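S.K.: return a 3D structure for these sequence lines:
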Amino acid sequence: KSLYYTLLAMGDLVLPGQRLGELGPCVEGPGTHVHRGKIYASIVGLKVVSQKDEKQHLSVQGIGEQPLIVPGVDAIVTCKVKSVNPRMAKVAIVCVGAVPVKDPFRGIIRVQDVRATEKDKVEIYKSFRPGDIVIAKVISLGDARSYFLSTASNELGVAYATSAAGFPLVPISWCEMQCSRTGVQEFRKVARLDAS
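M.R.: All right, here's what the predicted structure looks like:
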C-alpha cells in the first residue's frame, strides 16, 4: 500500500482506462490501447514518455516489471555459447552489462572478431565450445536475427567453462584452460578477469 502512495505522489502512476494522450501527436506503446483516437492506459503502472520521430511515444511500465534492456553498440554483454562452426560461434546474450535480460538475444562471434591479432590463424573450435560463458562487446546490430559481437580485447572471452569431463576449467594462459579435476588442458580464448 505504501508503494502505491509513493508512486501516486510521483505523479506518473496511471490506472487502466486513464487517458494518456491523443493519437497523431502521440503514438501508443506497450501497456496502452487506442479508443476513438485517444490513447489510454491498459495496465496499472508508470507512464513512460519518449520522443522519437518528432512524436511522443506513450507506454505504461507495469509496477514491478523490469524495464526492457536491449544491447547497444559498444555494450559489454555476457552470453552462453549455443553452437560453433568453422566460421562463427552462435550465442545467447543473457546479460547486458550487469543486468539480466528477460528473453535472451541472439548473437554471433565471427572468426575475424575473436581476437585483435593474427586473425587469420583463429580457429573457433580452439576459442569457444557450446556451454561456455563468454564476455563480449557488441560491435554492430548485425543482421535481422543476431547481434555481431567481438572478444578482441584482453578482458573479453571465456569467463567460465566446463571440461569434457564436466568439471570447471581454470584459466592458465590467455589461450588455455585446465580441468580442475583431471588436469587436462583445453584451448579457449580466455577473458582476463581482474581479481578485484
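
S.K.: quick one: low-confidence parts of the protein?
M.R.: Applying pLDDT under 70 to the chain picks out residues 1-11, 63-68, 194-196.

S.K.: try 80 this time
M.R.: Low-confidence segments of the chain (pLDDT under 80): 1-13, 15, 44, 51-53, 61-69, 116-120, 142-144, 193-196.

S.K.: longest strand anywhere in it?
M.R.: The longest strand of the chain (DSSP state E) is strand 99-110.

S.K.: what separates that strand from the chain centre, distance-wise?
M.R.: Strand 99-110 sits 4 Å away from the centroid of its parent chain (Cα atoms, centre = their mean, to the nearest Å).

S.K.: would you mark the buried spots in it?
M.R.: Across strand 99-110, burial judged by 16 or more other Cβ atoms under 10 Å covers 101, 105, 107-110. Bear in mind the C-beta positions are built from the backbone N, C-alpha and C, glycine included.

S.K.: just the residues you listed now: which is nearest residue 74?
M.R.: If you rank those by distance to residue 74 using Cβ to Cβ, residue 107 comes first, at 14.1 Å.

S.K.: what's across from that closest one in the sheet?
M.R.: Beta bridges link residue 107 to residue 91, residue 147 when assigned by DSSP bridges.

S.K.: which residues does it contact?
M.R.: Listed by Cβ atoms under 8 Å, 6 or more residues apart in numbering, the contact set of residue 107 reads 71, 77, 79, 90-93, 136, 138, 142, 146-149.

S.K.: give me the buried subset of those.
M.R.: Among the contacts of residue 107, the ones that count as buried by 16+ other Cβ under 10 Å are 71, 77, 79, 90-91, 93, 136, 138, 146-149.

S.K.: from residue 48, how far out is the most far-flung residue of the chain relative to its centre?
M.R.: Note on the chain: the largest C-alpha distance from the chain mean falls to residue 36, namely 37.6 Å (Cα atoms, centre = their mean). According to Cβ to Cβ, to the nearest Å, residue 36 and residue 48 sit 23 Å apart.

S.K.: again, but for residue 19
M.R.: To residue 48, residue 19 is 16 Å away according to Cβ to Cβ.
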